[in-house]
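Trainee: only geometry, no sequence info:
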């Protein structure tokens, strides 16, 4: 009996130590490092023009990507749950593909598809703008990588939706559009919101797909994650840490809100 | 209306998901079988694939072991207070919110050659950053939540009755785990392992920062694709990327198959 006590005590401490050393320690470390030279130095690192422009550009493009994915994600979730048509289950399993593919492979795919030699790139060139190494390519990369979030957040809500509510609405004489906007859409909203938040958070953080297609010109097509990478490469860990802490705080707050919404939904 | 929505969904899926995958497959065959094989059997490609393989095996083993134990503790342990459990539970998800680049930066900041800890280890002859150990730590960090998040809901769902019965009948904790708990969580562990392997194969940002991407030393498959693209060796990049894409799509299909098989079995 005594021996088994020692064993279980050993297991417990080993697992907890692993947890703390691997996850908690590094996160505390980066916050400590970014503030180690004081608050002023932290602010100075953040307000450096190139850093600040990179952050603003990332936020702007992530918002566009979120809007795109909310639109096509809501549509796709609706179609995949509500309609029966040939190829439905195939499309449904295809949804997870962006999560499975390595991000560097995604970057290469977009590079090949939208590059100046491809017909998409040539078409855009004739219309007078370039996609690759400019903002549109970054948005495409963000949209691809975050594609499953909105769909997977809405699908369970639509499956749970009680058909009698809809029927009641029709019986009371509401049109199809009115039923959709007054009955169905409100029940999808929690999924749309949490999906959109995850899309935004992941778009802010995305690196692999973006670095290959962005061109990475400071103050023009340099996003925050690539800026951090550049600062690490050029041996400026303090600058990298300051921007990292800003992004991390953003993502942690979003993650916390999404978790809070989900627990509230399952409990109530 | 119905036709329009289904058609639009097909167009979105086709343009966003199917065309890019087909394009990368076609790209790898641009110079025929020879070009594909030459890109893949380059010594640097073989070395990079070997590094990715080593990382995938080691990381999956460690994170499966610790992940299952931590999941059991977070759901079952009576020696953790509920508030502490809730806190730890929300910390588990943090690696999902951390950009891979920032994950890599954390390790460089804590264990890099200029830090106290890193210098100490360096004097003892152990290199962490720009060597295999750092890459393992980075991948462990990134894949940490995957097994835990698959196993925990199943543990919560099966409840404690059977385990208590086994305990009452005098079984040792170890026997209870293997004979009672393990059979019910087995498949969720498999899913966690599949997700971990897939993420190990595809991890790019964190490994790029920590490894320094040194040819024949710390280059992995994804960082090789990145370097090939930067050097405009698109055909070579394509062949490695196609192997990675095929592996991750294969794992995704396996997962879909196992899930549909298991849910069919459960209903009869």
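Mentor: Here it is on my side, so go on. Quick caveat: nothing in here was measured; it's all calculated off a predicted structure.
Trainee: can you list the residues of the stretch 101-250 of chain B near chain A?
Mentor: B:101-110, B:112, B:137, B:140-141, B:144, B:172-173, B:198, B:201-205, B:208-209, B:222-223, B:225-226, B:229, B:234, B:237-238, B:241, B:244-245, B:248-249 (Cβ under 8 Å from any Cβ of the partner chain). Yep, even glycine has a C-beta here, placed from its N, CA and C like the rest.
Trainee: Count the residues that sit near residue A:119.
Mentor: 8 (other Cβ atoms under 10 Å in any protein chain shown).
Trainee: oh, I was asking about residue A:4
Mentor: 11.
Trainee: now it: how far from residue B:75?
Mentor: Applying Cβ to Cβ, to the nearest Å, the value for residue A:4 to residue B:75 is 21 Å.
Trainee: Filter the residues of the stretch 101-250 of chain B next to chain A down to the ones in helices?
Mentor: Among those, DSSP state H puts B:101-110, B:137, B:140-141, B:144, B:173, B:198, B:201-202, B:205, B:208-209, B:222-223, B:225-226, B:229, B:234, B:237-238, B:241, B:244-245, B:248-249 in helices.
Trainee: Is chain A within reach of stretch B:255-268?
Mentor: Yes. Shown here: stretch B:255-268 in contact with chain A (Cβ under 8 Å from any Cβ) through residue B:256.
Trainee: now that stretch: mean pLDDT?
Mentor: When pLDDT is averaged over stretch B:255-268, the result is 75.
Trainee: Are any of the residues of the stretch 101-250 of chain B next to chain A buried, and if so which?
Mentor: Using 16 or more other Cβ atoms under 10 Å in any protein chain shown as the burial test, those include B:101-110, B:112, B:137, B:140-141, B:144, B:198, B:201-205, B:208-209, B:222-223, B:225-226, B:229, B:234, B:237-238, B:241, B:244-245, B:248 as buried.
Trainee: can you pull the contacts of the residue of the stretch 101-250 of chain B found nearest chain A?
Mentor: Residue nearest to chain A within the stretch 101-250 of chain B (Cβ to the nearest Cβ): residue B:202, separated by 3.0 Å. Contact analysis of residue B:202 by Cβ atoms under 8 Å, 6 or more residues apart in numbering or on different chains lists A:100, A:101, A:102, A:103, A:104, A:105, B:222, B:244, B:248.
Trainee: Tell me which helix or strand in chain A has the weakest average pLDDT.
Mentor: helix A:119-127 (a mean of 80; mean pLDDT, DSSP states H and E).
Trainee: Now the element after that helix, going C-ward?
Mentor: helix A:135-145 (DSSP states H and E).
Trainee: Are that next one and chain B in contact anywhere?
Mentor: Yes. Using Cβ under 8 Å from any Cβ, we find that helix A:135-145 touches chain B at A:143, A:144.
Trainee: show me what contacts residue B:47?
Mentor: With Cβ under 8 Å, 6+ apart, residue B:47 has these contacts: B:216, B:219.
Trainee: repeat that with 6 Å
Mentor: residue B:216 (Cβ atoms under 6 Å, 6 or more residues apart in numbering or on different chains).
Trainee: And the residue nearest to residue A:52 when sequence neighbours are not counted, how far from chain B?
Mentor: Once flanking residues are discounted, residue A:52 sits nearest to residue A:46: 6.6 Å by Cβ to Cβ, 6 or more residues apart in numbering or on different chains. Noted for residue A:46: a distance of 15 Å to chain B, by Cβ to the nearest Cβ, to the nearest Å.
Trainee: Touching, residue A:46 and residue A:242? I think so.
Mentor: Yes. Counting by Cβ atoms under 6 Å, residue A:46 touches residue A:242, with 5.0 Å between them.
Trainee: Low-confidence bits of chain B, can you list those?
Mentor: For chain B, applying pLDDT under 70 flags the ranges B:265-268.
Trainee: again, only using 80
Mentor: B:1, B:27-32, B:263-268 (pLDDT under 80).
Trainee: Also the stretch 101-250 of chain A?
Mentor: A:116-119, A:121, A:125, A:128-130.
Trainee: run the last query once more with 90
Mentor: A:111-135, A:159-187, A:214-221, A:233, A:235-238 (pLDDT under 90).
Trainee: Show me what from it comes close to chain B.
Mentor: A:101-105, A:108-109, A:112-113, A:205, A:207-208, A:212, A:225, A:228-229, A:232, A:237, A:240, A:244 (Cβ under 6 Å from any Cβ of the partner chain).
Trainee: Please work out the angle formed by the directions of the helix or strand hosting residue A:69 and helix A:135-145.
Mentor: In the assignment (DSSP H and E), residue A:69 maps to helix A:49-82. Put simply, helix A:49-82 runs at 50 degrees to helix A:135-145, going by axes from the mean of the first three to the mean of the last three Cα atoms, to 10 degrees.
Trainee: quick check, stretch A:75-89 touching chain B?
Mentor: Yes. Counting by Cβ under 6 Å from any Cβ, contacts between stretch A:75-89 and chain B involve A:76, A:79, A:83, A:85.
Trainee: Is it correct that residue B:101 is in contact with residue A:207?
Mentor: Yes. Judged on Cβ under 6 Å, residue B:101 makes contact with residue A:207 at a distance of 4.7 Å.
Trainee: what's the overlap in contacts for the two?
Mentor: A:225, B:205.
Trainee: Now the stretch 151-268 of chain A against chain B: closest residue?
Mentor: Closest point on the stretch 151-268 of chain A to chain B, by Cβ to the nearest Cβ, is residue A:205, at 3.3 Å.
Trainee: can you pull the contacts of that residue?
Mentor: Per Cβ under 6 Å, 6+ apart, neighbours of residue A:205: residue B:99.
Trainee: now residue A:165
Mentor: Residue A:165 touches residue A:183, counting by Cβ under 6 Å, 6+ apart.
Trainee: Please identify which helix or strand holds it.
Mentor: helix A:163-171.
Trainee: Just the buried positions in that helix, please.
Mentor: For helix A:163-171, a neighbour-count test (16+ other Cβ under 10 Å) marks A:166, A:169 as buried.
Trainee: ok, now stretch A:63-72?
Mentor: So for stretch A:63-72, counting by 16+ other Cβ under 10 Å, buried means A:63, A:64, A:65, A:66, A:68, A:69, A:70, A:72.
Trainee: Distance to chain B and pLDDT added to those, as TSV?
Mentor: Below are the buried residues of stretch A:63-72 laid out as TSV (distance: Cβ to the nearest Cβ, whole Å; pLDDT from 0 to 100):
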residue	distance to chain B	pLDDT
A:63	17	96
A:64	15	97
A:65	12	97
A:66	16	97
A:68	10	97
A:69	10	96
A:70	13	96
A:72	5	94
